[in-house]
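> Give me coordinates for this.
(chains A and B)
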Amino acid sequence: MTVRTRFAPSPTGYLHIGGVRTALFNWLFARKHGGQFILRIDDTDQERNVEVALQPILDGFRWLGIDWDEGPEVDGPHAPYYQSRRAERHKQAAQQLLDAGLAYRDYATSEETQAERATAETEKRDYIYSRKWMAETDEQAAPFEAEGRQCVVRLKMPREGKCEFHDLIRGDVSFDWAKEQDHVIQRADGSCLYHLASVVDDADFKISHVIRAAEHLSNTPRQIFIAQSLGYSPPEFAHLPYVAEPGGSAKISKRKLDKYLKNRDFKQLFDHGERIANLIGHHVSADTFNPVIVDFYREVGYLADALVNYLLLLGWSLDDKTEEFTRDEMIQYFSLERVNKAPASFDPQKLSAFQLRQMQQLPIKQKVAMAVPFLQKAGYIASPPSCDTAPKLTRIVEAAGDRIKTAGDILELIEFLVADDQLEFDEKAFEKRVRKDGAIDLLRSFRDVLADVEPFDDETCEAALRSFIELKGIKIGEIIHALRVAVTGKGVGIGMFDALAILGKDSCLARIDRALERV
RNA sequence: GGCCCCUUCGUCUAGCGGUCUAGGACUCCGGCCUUUCACGCCGGCAACACGGGUUCGAGUCCCGUAGGGGUCACCA
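So this is what the prediction gives:
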C-alpha cells in the first residue's frame, strides 16, 4: 500500500504553529515511507477570497521546506485540490447515503432542534435527536413539504454498540454509538458539510493515513461511519497531541496573545520580534504578527530549519539524547510510535536555543546573505547593495559572532553603517560612561593616540590602548567603556577593537570628537 | 455537565518489571573566561500526581482518586 498523507488547511490567511507541526508529521511520515504528501484546501463554506487567504499558508510551507506532491499550484491526478470545487462529488455521496438508507432527510427547523437540545439539557440527560421530522420516504416527506418546510440531510447513526478503532498513537479507542448525533451532512441549499466532504475527499485521494490534531479524535466515529456507509475502508488514524500554550496546558491559540505576553519567555520572544519589525517597518498586529503564527519567525529572521527541528521535538523524540536532525535524518528516523500522547507546551527559550545552535553552524557568507534583506528593508543599504557593502558587512557579521541570533539582529548593529554625524548616542550609557570625571580627559588623550595608529587594524588598536593604559597607570575599564560609547553610541556591543577597525580611523576620530563636543 | 484523552525535573523528554540512589536538553542558580553584551567552559538545584492492588520486585502492568485537557454546530 502506498502511504499517502494529507494536511488540509482552511484558508484563514495565516499558518498556525500547531498546524505546521501537524503538517510536518504528515510530511515526514509520507517521506519516510516513500509515499506522497498532499495539500488539500478545506474551503467549504468559505466566503472570503480563498486565493488571498491561502497564499500566506503556501508561502509558509515553502519557507519551511515542507513540499507537497499534490495540491494547490502543483496539481496532481486528483485535481482540483480545493474542497469547494468538489461540491458535486460531495452531493453525490450524500445522495448515495440517502439511497442506502444510512442518511435521511430532516425537516426540523433549527429552532426545533435547538428546543430539543435545551429540553435535554434542563432534564440533565444526553441529547439525542427525536427524529420527529425525519423523512425516509417521499410519503413521509410529503406533509412536511406541504407545510413548506425545508430539509437538511442527516446521518442515521447507529444507536447501540460501540465504535472501536485503533489509533496509531493512542492505541485502541472506543466510543458509544448512542452518544453520537445524527450529524447534518448537507444543508437545505444542497451544500455539504466538512465531515462528509473530508471523508469523501480522503477516500477519493486515496489517503492511507489521517494524521491530525487530537481535537479530531471525537470526530472519528462519525467519519468512520460515513466511510463505511459509503463502502470505503477507513484510513488509518493517528491523533497527535496538541501544542499547548507557553507555561500552560491549554491548546495554544493565536487569540490569547495578551495572556501569553504575561509569560516572561514568550514576552521576550515577542518583544525581540516587535523590535525588529518596527525597524523594518513591518506592520505589527496580533492577527498577522504573532509568535503563534509561522510568519512571525520568517519576518524576524529565524532559520526555517531551527523552527522545524524544534517543532519536531515537540511531541516526538528519537532517544534520550539526540536533539539535532537534518531533514534527511528526520525522515530516516521519524515514526508515529515515538510520538507522545500528552500535549507539549511551547517553550520559546528552547526554540531560541535551537536557533542559536543552527546559526552557529552557518557559514559567515550565508549569515550575511540573510542579513542583507533586513538592512535593505530598514533602508540602511541600497538595493542592490553597492560593491563595498559586502566586505564591510562580512566584517560586522564576523565580529558580531553569536550576537546575531536571528538575521534581523543585524539591525541592532547599524552603528557601523550610519554616517558619523547620524550616530545616535544612548543617553543612559553616555551619562554613565562618558560624562564622568576622568573619562573625558582620558578619551581626549586617547583620541590623539588613535590618530597616529597605523595600520588601523584591531591588533594595532589594541596594542595602542594597552600601552596607553600602562602609561597612564589605569585599568582598561576606566577608558574602554567611554571609548565604546563615543564610537558606537552604545554601552554594549561587539569587541572594542573589532569595532574600531571596522569603522576606520576617520570615523573613530570624528565620532570621538562629536562625543567630546556634546559633553 | 456527558463522552473521550492525558499525567516523569519549571519546560521538552529518555525510560517499554530488576541495569533508576531516574538519564539528556532548555531554563534557572553559582563560578570561570572577559573591555561591555553575547558565546564558551565548569559545577549545582530540580521530577516518577495520589491511593490501592498484581509481583520476589513497579516510574514501568491493573483499578480507583485527583488534576489537566479536548470535544459536544446546518464551523472547519
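> drop to CA atoms for contacts and neighbour counts, all remaining ones
Will do.
> Look at the residue of the stretch 201-350 of chain A found nearest RNA strand B and report its pLDDT.
In the stretch 201-350 of chain A, the residue found nearest to RNA strand B is residue A:315; the distance is 2.8 Å by Cα to the nearest atom of the strand. Looking at residue A:315, its pLDDT stands at 95.
> hang on, isn't it packed against residue A:344?
Yes: under the criterion of Cα atoms under 8 Å, residue A:315 makes contact with residue A:344 at 6.0 Å.
> burial measure for the residue of the stretch 201-350 of chain A closest to RNA strand B, as a count.
Residues near residue A:315, counting by other Cα atoms under 10 Å, number 20.
> hmm, back to that, which neighbours do residue A:315 and residue A:344 have in common?
residue A:241 (Cα atoms under 8 Å, 6 or more residues apart in numbering).
> And for residue A:382, the neighbour number?
For residue A:382, the count of nearby residues is 12 (other Cα under 10 Å).
> Same check on residue A:357?
By other Cα under 10 Å, neighbour count at residue A:357 equals 14.
> got the residues of the stretch 251-400 of chain A near RNA strand B?
Residues of the stretch 251-400 of chain A lying close to RNA strand B by Cα under 7 Å from any atom of the strand are A:251, A:313-323, A:338-347, A:349-350, A:353, A:357.
> any idea how far residue A:302 lies from residue A:493?
Using Cα to Cα, to the nearest Å, residue A:302 is found at 21 Å from residue A:493.
> Which one's more surrounded, these two?
Remark: of residue A:302 and residue A:493, residue A:302 carries more neighbours, 23 against 17, as counted by other Cα under 10 Å.
> part of a helix, is that one?
No: assessed with DSSP: H, G, I helix; E, B strand; the rest coil, residue A:302 is coil; it does not lie in a helix.
> Can you give me every residue that contacts it?
With contact set as Cα under 8 Å, 6+ apart, residue A:302 has these partners: A:355, A:406, A:407.
> how does it look with 10 Å?
A:295-296, A:351-352, A:355-356, A:358-359, A:370, A:405-408 (Cα atoms under 10 Å, 6 or more residues apart in numbering).
> Repeat that for residue A:349.
Applying Cα under 10 Å, 6+ apart to residue A:349 gives the contacts A:264, A:265, A:266, A:268, A:269, A:355.
> Can you tell me the SS state at it?
Three-state assignment for residue A:349 (three-state DSSP): helix.
> Name whatever forms a beta bridge with residue A:5.
Beta-bridge pairing for residue A:5 (DSSP bridges): residue A:37, residue A:209.
> how near is the closest residue to residue A:316 other than its chain neighbours to residue A:180?
Nearest-residue entry for residue A:316: residue A:339, 4.5 Å, with adjacent residues in sequence omitted and distances by Cα to Cα, 6 or more residues apart in numbering. Residue A:339 is 28 Å from residue A:180, where distance means Cα to Cα.
> returning to that earlier point: export the contacts of residue A:302 as CSV, with columns for distance to residue A:33 and pLDDT.
Conversion of those to CSV gives the following (distance: Cα to Cα, whole Å; pLDDT from 0 to 100):
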residue, distance to residue A:33, pLDDT
A:295, 29, 95
A:296, 32, 97
A:351, 28, 98
A:352, 31, 98
A:355, 29, 98
A:356, 31, 98
A:358, 27, 97
A:359, 31, 98
A:370, 34, 96
A:405, 35, 98
A:406, 34, 98
A:407, 35, 98
A:408, 37, 98
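> Go through the residues you listed and name the one nearest residue A:140.
Taking Cα to Cα as the measure, residue A:140 sits nearest to residue A:295 out of these, at 53.9 Å.
> close enough to count as contact, that closest one and residue A:58?
No: proximity of residue A:295 to residue A:58 does not meet the contact threshold set by Cα atoms under 10 Å, at 11.1 Å.
> what do the two both touch?
Counting by Cα under 10 Å, 6+ apart, the common neighbours of residue A:295 and residue A:58 are A:14, A:15.
> and the closest residue to RNA strand B within the stretch 401-519 of chain A, which of the three is it?
Taking Cα to the nearest atom of the strand, RNA strand B has its nearest neighbour within the stretch 401-519 of chain A at residue A:492, 3.1 Å off. At residue A:492 the chain is in coil, as set by three-state DSSP.
> Which residue would you name as the spatial centre of chain A?
Nearest residue to the geometric centre of chain A (Cα atoms, centre = their mean): residue A:294, 2.3 Å.
> Touching, that residue and residue A:301? I think so.
No: judged on Cα under 10 Å, residue A:294 makes no contact with residue A:301 at a distance of 11.5 Å.
> ok, now which ones touch residue A:132?
The neighbourhood of residue A:132, defined by Cα under 10 Å, 6+ apart, consists of A:106, A:107, A:108, A:112, A:113.
> Ignore what I typed, I meant residue A:423.
A:414, A:415, A:416, A:417, A:486, A:487, A:488, A:489, A:490, A:511, A:514.
> same check, this time on residue A:58
A:11, A:13, A:14, A:15, A:39, A:64, A:66, A:67, A:68, A:72, A:73.
> could you redo the last one with a cut-off of 7 Å?
Listed by Cα atoms under 7 Å, 6 or more residues apart in numbering, the contact set of residue A:58 is empty.
> Could you do the one 5 residues further on as well?
By Cα under 7 Å, 6+ apart, the contact list for residue A:63 reads residue A:304.
> Let me know the next secondary structure element after whichever strand or helix holds it.
If you go by DSSP states H and E, residue A:63 is part of helix A:50-64. Moving toward the C-terminus from helix A:50-64, the next helix or strand (DSSP H and E) is helix A:87-99.
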